[in-house]
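>>> Here is a sequence with its predicted model. Questions after.
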Amino acid sequence: MSLWLFYAFGAVAVIGALGMVLNVRNAVASALCLVATMVALGGVHVLLEAYFVGALQVLVYAGAIVVLFVFVVMLLNLRRDGFPPARARLGRVTAAAVVGAALAGLVGLALTLPETAVPGATAALPEGFGGYRRVGAALFTDYLLAFEATSLLLLSAMVGAVVLAKRRGGDA
Amino acid sequence: MTVVVLKTLFILFVVLGAFLPLITWIERKQSALMQDRVGANRADILGITVLGLLHPAADVLKLLAKEDVVPKGASRALHLLAPALSLVPAITVLAVLPFGSTYRFGDFELSLVVADIDWGILFVFAMGALSTYGAIVAGWASNNNWSLLGSMRASSQMISYAVTMGLAAVGLFMVYGSLQLPEMAAYQDDTFRVLGFVERFGWVPALPAWLDWVRLPAWGVFLQPVGFVLFLTCILAENKRPPFDAPEGESELVAGYHLEYSGMRFGLFYTAEFLEVPVIGMLVTTLFLGGWSIPYLSQEAFIGGVAPVLGVGFATGLCLLVHVAAFFAKTLAMVWLLMALRWTLPRFRYDQVMDLCWKTILPLSLLNIAVTAVVLLWLEAP
Amino acid sequence: MIPIAHVIALSAVLFAIGALGVLVRRNLVVMLMSIELMLNAANLAFIGFARHHGDETGHVFVLMVIVVAAAEVAVGLGILIALFRNRASVDVEDASLLKW
């Protein structure tokens, strides 16, 4: 059951991702495809027993970050998206080919490896694995310094974004 | 499995089948009352009007019969998708709201919540965040400047208030020690001594015995009064309810993001907005107004008191019915409050909405968290 | 029980699609979205291994990545708006003055 749900969510995620990259007409439609991918990945996280992270995935990525993208697209009113194939270059095609080949290699490698090739599998998970209590406890004890550092990062990013996007010197 | 299906059907039937039409009727009648007019009373079947209760049915028939227009230059697929995007999250939230406690009939345990998940409130917030897309996509896909302005207002307002809504409720989570909605509701099925904290100061040896009777229900609204006001404000703004409905302010933006919608597709936006009213009511009831609990009468006391007369099975059944009735009565009271607010307060200007969020509610909710943390530590210190 | 290899394969596919988006698209908005997709693919790998080893450290790392992604989007979109003000375009090839 959970395996089939995983395949379903994975298929939605991949289709959404492809839709985002290949949709060349409409940036908002791209963003919606990305939302589908994010929500599907939230489902995959829950299937992998990462309940807290799965909820945050939907809440932060789909609910805030992509809304920000869409907001900027609307703010700048980017109705037309330039993707003329005439200006496509050999470099891009080569890049796509290299990425595709590397991807095929990686996926083939991952799927042909026996399950025992990845060491350290645990059969039984601890009680409450992936819940907000255990993740929170880890975050506020072992990784407290990293947590505090992220607050600095967010502050600097916030100041930076305001400085960058603000209109300067009343040029309206 | 069948139990889950039954619970889903019950909640869908009650909320979508009974609450929604009732709420459109309450909205009309209350606005009429507050504006000193009669209100909807004309729709009739063979001359029978039943106080205007037939109007919801007439609305649906009218909307279904109308032409469905997609404006020229609009992106058709997105235009079709947007109403569903705004309706689905509101329905999904119903899955995690507990409309009753857990009851034991012999070996069978019945928990009156469809999906009892550990991180229930996060699910509610996540769905609330996703409901932004309905407004955004509608405005973008309509190819209309009023709609675009409306959806820009909607998106910035909704992500701003989603932040403060979460922060306003954090104090409550600290008090309850849980993110699980049924657990939160069960916590409130209790009372606390209003002056109990005085004993912690140390200079009062013991309170007189009669003060033990000065008790309040352990509801969120009494434990976190500031949090209640902030949360209610935020959830109103997050759902674009009046007085925070600048995204569809008809005096400036005609109708905002759903300007270019007609027929039943407009009806779906309308349904989503009216569905959000009982969902807000249920969420606030669960978080702050004790959920299904009856004040001063806990579940054990109720069953223990009635069981000698009716037997345990019937007592539990009666308790279940009373709890569900209490939950929906509280929800209706919240719905009435939202309607009264709607017809009392004028609309905020858009910059005032954003100022209120970032300059007033955000600092206040952070202060609330800090004070709650200090008080909790002080109360729990040995 | 979901095999770890399948999780990693999904993660690899998503990462490759994200990389493809950065390489072939010239719209800066979509390029930033593709970067988000790559970060998400990495998150998925973290979650998969956390499940595999029964250790929540991966979850903590994902939280950190989400914070970094939020910061990156804020700054990235700030740059994008500044660029649009100066060039009236979000095409990366219109911002090639530093290229030689």
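Everything's here; your move.
>>> quick one: the helices in chain C?
C:4-24, C:28-53, C:57-87 (DSSP state H).
>>> and the first one, C-alpha only, in PDB?
Okay, so that is helix C:4-24. C-alpha atoms of helix C:4-24 as PDB (Å, rounded to 0.1, in the frame of the first residue of the first chain):
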ATOM      1  CA  ILE C   4      15.900   3.100  -0.200                       C
ATOM      2  CA  ALA C   5      17.100   2.700  -3.800                       C
ATOM      3  CA  HIS C   6      13.700   3.900  -5.100                       C
ATOM      4  CA  VAL C   7      13.800   7.000  -2.900                       C
ATOM      5  CA  ILE C   8      17.300   7.800  -4.100                       C
ATOM      6  CA  ALA C   9      16.200   7.200  -7.700                       C
ATOM      7  CA  LEU C  10      13.300   9.600  -7.300                       C
ATOM      8  CA  SER C  11      15.700  12.100  -5.700                       C
ATOM      9  CA  ALA C  12      18.200  11.800  -8.600                       C
ATOM     10  CA  VAL C  13      15.400  12.200 -11.200                       C
ATOM     11  CA  LEU C  14      14.100  15.400  -9.500                       C
ATOM     12  CA  PHE C  15      17.700  16.800  -9.100                       C
ATOM     13  CA  ALA C  16      18.400  16.100 -12.800                       C
ATOM     14  CA  ILE C  17      15.200  17.900 -13.800                       C
ATOM     15  CA  GLY C  18      16.100  20.800 -11.600                       C
ATOM     16  CA  ALA C  19      19.600  21.000 -13.100                       C
ATOM     17  CA  LEU C  20      18.100  20.800 -16.600                       C
ATOM     18  CA  GLY C  21      15.900  23.700 -15.800                       C
ATOM     19  CA  VAL C  22      18.800  25.800 -14.700                       C
ATOM     20  CA  LEU C  23      20.800  24.900 -17.800                       C
ATOM     21  CA  VAL C  24      18.100  25.300 -20.500                       C
END
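>>> Now do it: distance to the chain's middle.
11 Å (CA atoms, centre = their mean, to the nearest Å).
>>> quick one: secondary structure of the residue in chain A positioned nearest to chain B?
Distances between chain A and chain B by CB to the nearest CB are smallest at A:Gly63, namely 2.3 Å. Where C-beta positions appear, they are placed from N, C-alpha and C, glycine not excepted. Under the three-state scheme (DSSP: H, G, I helix; E, B strand; the rest coil), A:Gly63 adopts helix.
>>> For the residue nearest to it when sequence neighbours are not counted, grab phi and psi.
In space, and not counting its chain neighbours, A:Gly63 is closest to B:Ala129: 2.3 Å by CB to CB, 6 or more residues apart in numbering or on different chains. Dihedral angles of B:Ala129 (phi, psi; degrees, to the nearest 10) stand at phi -70, psi -40.
>>> number of nearby residues for B:Ala129?
25 (other CB atoms under 10 Å in any protein chain shown).
>>> Tell me how far it lies from B:Met165.
Remark: distance between B:Ala129 and B:Met165 (CB to CB, to the nearest Å) = 10 Å.
>>> what secondary structure does B:Gly290 sit in?
B:Gly290 ends up coil, using three-state DSSP.
>>> and if you look at B:Phe192?
strand.
>>> where does it land on pLDDT?
With respect to pLDDT, B:Phe192 scores 79.
>>> show me what contacts residue 49?
Because you didn't say which chain, this covers chain A. For A:Glu49, the contact set (CB atoms under 8 Å, 6 or more residues apart in numbering or on different chains) comprises A:Leu125, A:Phe129, A:Gly130, C:Arg51.
>>> was after chain C, sorry
C:Ile4, C:Gly58.
>>> The same query, at a cut-off of 7 Å, please.
C:Gly58 (CB atoms under 7 Å, 6 or more residues apart in numbering or on different chains).
>>> quick one, what contacts the residue nearest to A:Gly63?
A:Leu59, A:Ala62, A:Gly63, A:Ala64, B:Ala162.
>>> What is the burial count for the closest residue to the second one other than its chain neighbours?
In space, and not counting its chain neighbours, A:Ala62 is closest to A:Met38: 4.2 Å by CB to CB, 6+ apart. Other residues near A:Met38 come to 25 when the count uses other CB under 10 Å.
>>> could you measure A:Met38 against B:Leu130, distance?
Taken as CB to CB, the span from A:Met38 to B:Leu130 is 10 Å.
>>> what residues are shared contacts of those two?
A:Val58, A:Ala62.
>>> and A:Leu154, how many neighbours does it have?
15.
>>> Now look at the strand or helix carrying it and say if it contacts chain C.
Using DSSP states H and E, A:Leu154 maps to helix A:144-165. Yes: with CB under 7 Å from any CB of the partner chain as the criterion, chain C is reached by helix A:144-165 at A:Ala146, A:Thr150, A:Leu153, A:Leu154, A:Ala157, A:Met158, A:Gly160, A:Ala161, A:Leu164, A:Ala165.
>>> Mind giving me the packing neighbours of that helix?
With contacts taken as 3 or more CB pairs under 7 Å, 6 or more residues apart in numbering or on different chains; DSSP states H and E, helix A:144-165 sits against helix C:57-87.
>>> Can you pull up the most central residue in chain B?
B:Ile280 (1.2 Å; CA atoms, centre = their mean).
>>> Low-confidence stretches in the stretch 101-250 of chain B?
B:205 (pLDDT under 70).
>>> Kindly apply the preceding question to chain C instead.
For chain C, the ranges with pLDDT under 70 are C:100.
>>> Check the offset of the lowest-mean-pLDDT helix or strand in chain A from the chain's centre.
Lowest by mean pLDDT, DSSP states H and E among the helices and strands of chain A is helix A:90-112, with a mean of 78. With CA atoms, centre = their mean as the basis, helix A:90-112 stands 20 Å off its chain's centre.
>>> how near is B:Leu81 to C:Ala45?
Distance from B:Leu81 to C:Ala45, by CB to CB: 31 Å.
>>> Please apply the same query to B:Phe302.
Taken as CB to CB, the span from B:Phe302 to C:Ala45 is 51 Å.
>>> for B:Leu253, same thing?
From B:Leu253 over to C:Ala45 (counting by CB to CB), the distance is 45 Å.
>>> Smallest gap between chain C and chain B, at which residue?
Counting by CB to the nearest CB, chain C gets nearest chain B through C:Ala70, at 11.5 Å.
>>> My read is that that residue contacts A:Ile65, right?
Yes: the criterion here is CB atoms under 7 Å, and C:Ala70 meets it with A:Ile65 at 6.1 Å.
>>> Looking only at neighbour counts, state which of the two leads.
With neighbours defined as other CB under 10 Å, C:Ala70 and A:Ile65 compare such that A:Ile65 has more, 25 against 21.
>>> Hmm, C:Ala69 and the more buried one touching each other?
Yes: when contacts are counted by CB under 7 Å, A:Ile65 is listed as touching C:Ala69 (6.5 Å).
>>> who touches B:Leu112 in this structure?
By CB under 7 Å, 6+ apart, the neighbours of B:Leu112 are B:Lys7, B:Pro98, B:Phe99, B:Gly100, B:Ser101, B:Val324.
>>> Quick check: residues of chain A near chain B?
Close to chain B, as judged by CB under 7 Å from any CB, chain A has residues A:26, A:28-29, A:32, A:35, A:51-52, A:55, A:58-59, A:62-64, A:67, A:70-71, A:74-75, A:131-132.
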